[in-house]
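*Asks:* no FASTA, just this:
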């Protein structure tokens, strides 16, 4: 995957149109989680250090091409200024004059690009108007790279283009995990439904040596193999599809790991009475809500023999105790192997990040992607327009 970085383009004196993702949670006009803002700081500071003038392009919410005051990026300026340690100039009009008056060290943030109907249409005219203001294009928003929008796609083809530090880190980590990984490779895929991850499963069985399936989707695979999952969440209309994926995995030499034992309860709530049984012994009137200790031991053994791990989704209903046990134990073991230098571990997806943080394992993984849709589409083997535009 060939792409230029900030080190490959002369930025001195150049206006650098920098696509970032600062679509952060806001309550009462105040940013409540600065994670996405914090992650773009190295890029902005590097642009300034190289003599460039960063002009930030970003979206906020889904205004659908209309000006929606509650979705103005003005409300993130205080948090952005604090993170960068410098005052950020907000521009909601007269962009050309705002940029032409920038001095060394200045940072400008343009208003929500999705206020313009041309953004989500990947409009060439909108991209051209933006390009006329800048000298260099930098994309630091991997989380928006699966969208062919004007500021992620069309604009990249009108100026010398490069990846920012966050985008560079994402692409490097993803290439190491699935592009040209060190084998053997294991993938953990969890979540509620097989239907939401059909493309993902179909792609992974041809790329990895071990596919560990957990969460509600594991029930569908168990049912496809003839196990009675009783009241468990299960997509009975997809049993044939599950069998097809199993057959595809066998043909590709990929081992699918399903739970051997499970933790069951009669209702889904925190700390109900639970039963741990083999998969063939799920009690009447109960549902599977987590993988059991024997299943976790099996996963640990497989990970011990792997060099690379990619993780998307929890192994059980981790939101409530004790159904977070399998996810916590497997994630902790992966973190231990990573710390010991024995495993390259890359994880991504909303529930995944939450589950690994809850397990106290996230900080020890090789890389955690905060991208949702882009991370999933990359795992599915799809081309991401924002990435393709950088490598064009």
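*Replies:* Yep, it's here. Quantities reported herein were computed from a predicted structural model and do not represent experimental measurements. Numbering: from 1, shown residues only.
*Asks:* what sits up against the helix or strand residue 251 falls within?
*Replies:* Assessed by DSSP states H and E, residue 251 sits inside helix 239-252. Contacts of helix 239-252 with the rest of the structure, by CB atoms under 8 Å, 6 or more residues apart in numbering, involve 194, 198, 201-202, 205-206, 211, 220-221, 223-225, 255-256. (Glycine included, C-beta is placed from N, CA and C.)
*Asks:* Next secondary structure element downstream of it?
*Replies:* Counting by DSSP H and E, what follows helix 239-252 is strand 255-257.
*Asks:* Neighbouring strands - and their directions - for that following strand?
*Replies:* In the sheet, strand 255-257 lines up against strand 210-213 (parallel) (DSSP bridges).
*Asks:* moving C-terminal of the strand it pairs with, what's the next helix or strand?
*Replies:* For strand 210-213, the following helix or strand on the C-terminal side (DSSP H and E) is helix 216-224.
*Asks:* Hey, what's the angle from that following helix to helix 239-252? Just curious.
*Replies:* 90 degrees (axes from the mean of the first three to the mean of the last three CA atoms, to 10 degrees).
*Asks:* show me where the chain has helices.
*Replies:* 35-49, 77-84, 95-100, 117-120, 124-131, 165-174, 198-204, 216-224, 239-252, 293-304, 325-339, 350-358, 373-379, 385-391 (DSSP state H).
*Asks:* Buried ones in the second one, by neighbour count?
*Replies:* Right, the one you point to is helix 77-84. 77, 79, 80, 81, 83, 84 (16 or more other CB atoms under 10 Å).
*Asks:* same check, this time on the fourth one
*Replies:* Within helix 117-120, the residues that qualify as buried by neighbour count (16+ other CB under 10 Å) are 118, 119, 120.
*Asks:* The first one reaches residue 126, doesn't it?
*Replies:* Okay, so that is residue 118. Yes: counting by CB atoms under 8 Å, residue 118 touches residue 126, with 3.1 Å between them.
*Asks:* residues shared between the contacts of the two?
*Replies:* With contacts defined as CB under 8 Å, 6+ apart, the residues shared by residue 118 and residue 126 are residue 150.
*Asks:* can you pull the pLDDT of residue 179?
*Replies:* Note for residue 179: predicted pLDDT of 86.
*Asks:* got it, and residue 392?
*Replies:* pLDDT at residue 392 comes out at 60.
*Asks:* Identify, from the buried residues of helix 117-120, the entry nearest to residue 283.
*Replies:* Nearest to residue 283, judged by CB to CB, of the buried residues of helix 117-120 is residue 120 at 50.0 Å.
*Asks:* From what I see, that closest one and residue 112 are in contact.
*Replies:* No: here residue 120 does not reach residue 112: they are 11.7 Å apart, not a contact under CB under 8 Å.
*Asks:* How about stretch 313-327, which residues are buried there?
*Replies:* 313-318, 320, 322-327.
*Asks:* Tell me the span between the first and last residue of stretch 47-58.
*Replies:* End-to-end distance for stretch 47-58: 17 Å, by CA to CA, to the nearest Å.
*Asks:* nope, stretch 81-101 is what I was after
*Replies:* Using CA to CA, the distance between the terminal residues of stretch 81-101 is 19 Å.
*Asks:* who touches it?
*Replies:* With contacts defined as CB under 8 Å, 6+ apart, stretch 81-101 is touched by 15, 34, 37-38, 41, 44-45, 53, 55-56, 72-74, 77, 80, 102, 105-111, 132-134.
*Asks:* Now, of the residues you listed, which are buried?
*Replies:* Taking 16+ other CB under 10 Å as the criterion, what is buried in those is 15, 34, 37, 41, 44-45, 53, 55-56, 72-73, 77, 80, 106-111, 133-134.
*Asks:* and these, which of them are in strands?
*Replies:* 15, 53, 55, 56, 107, 108, 109, 110 (DSSP state E).
*Asks:* What is the nearest of those to residue 166?
*Replies:* Minimum distance to residue 166 across these is 12.8 Å, recorded for residue 56 (CB to CB).
*Asks:* follow-up on the earlier one: how far out from the middle of the chain is the helix holding residue 251?
*Replies:* Distance, stretch centre to chain centre, for helix 239-252: 26 Å (CA atoms, centre = their mean, to the nearest Å).
*Asks:* Show me which residues of that helix are buried.
*Replies:* 239, 241, 242, 245, 246, 249.
*Asks:* repeat for stretch 354-362
*Replies:* Here stretch 354-362 shows 355, 356, 358, 359, 361, 362 as buried, counting by 16+ other CB under 10 Å.
*Asks:* I'd assumed residue 131 was in contact with residue 160.
*Replies:* No: between residue 160 and residue 131 there is no contact under CB under 8 Å: 10.7 Å.
*Asks:* okay, and the common contacts of these two?
*Replies:* residue 137.
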